[in-house]
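In: Need a 3D model of the following:
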Amino acid sequence: MLEVPEEHNEKSRNNPSRAYMRDAKAMAATPADVIEHANAYVFVVDMPGIKGEEIKVQVEDENVLVVSGERQRENKESEGVKYVRMERRMGKFMRKFQLPENADLEKISAVCNDGVLKVTVQKLPPPEPKKPKTIQVQVA
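Out: Sure thing, here's the model as predicted:
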């Protein structure tokens with residue numbers, strides 16, 4: 001087993017990992033709305049310039065909805081042509097949403113239209129109230 005110097009342990013404990021920082025930036029740059037309807041939750045995420053097949057929608061850890069993908073820069077470099085300003089964000093994006101207990105994980109759909117992704121998670125029907133059990137009293 002490799003030994004890690006004491007100072008290295010101290011340093012890594014105080015600083016977040018690169019993967020954590022990358023994920024945090026990707027999540028911060030992906031705005032989303034969450035809407036609750038009577039029978040479903042709808043997650044609306046802006047995805048301008050991204051094709052539907054480039055977006056991944058998954059459920060992790062039984063109740064975390066993950067929307068992720070990557071926006072690629074167009075490679076249209078020609079002689080004499082250069083970018084004067086680059087403001088559009090490129091690279092990976094990701095959002096994670098904690099799903100409520102009444103989310104039906106078997107009934108999730110996702111549709112991307114005009115750069116807007118809508119993920120619909122149906123709700124489970126509410127549990128039926130328990131009826132009191134009647135016990136027949138016998139005469140002895």
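In: Residue 118 belongs to a strand?
Out: Yes - Residue 118: assigned to a strand according to DSSP: H, G, I helix; E, B strand; the rest coil.
In: what's the neighbour count on it?
Out: Residue 118 has 15 neighbours, counted by other C-beta atoms under 10 Å. C-beta here means a position set from N, CA and C on the backbone, and glycine is covered the same way.
In: how about the strands in the protein?
Out: Using DSSP state E, the strands of the chain run over 32-36, 40-46, 55-60, 64-71, 91-98, 103-113, 116-123.
In: could you say what helices and strands the longest one packs with?
Out: Using 3 or more C-beta pairs under 8 Å, 6 or more residues apart in numbering; DSSP states H and E, the elements in contact with strand 103-113 are strand 55-60, strand 116-123.
In: From what I see, residue 89 and residue 71 are in contact.
Out: Yes - the criterion here is C-beta atoms under 8 Å, and residue 89 meets it with residue 71 at 7.0 Å.
In: Who has more neighbours out of those two?
Out: Higher neighbour count among residue 89 and residue 71: residue 71, with 16 against 13, using other C-beta under 10 Å.
In: Could I get the contacting residues of the closest residue to residue 66 other than its chain neighbours?
Out: In this structure, residue 66 finds its nearest non-sequential neighbour in residue 58, 4.8 Å apart by C-beta to C-beta, 6 or more residues apart in numbering. Listed by C-beta atoms under 8 Å, 6 or more residues apart in numbering, the contact set of residue 58 reads 65, 66, 68.
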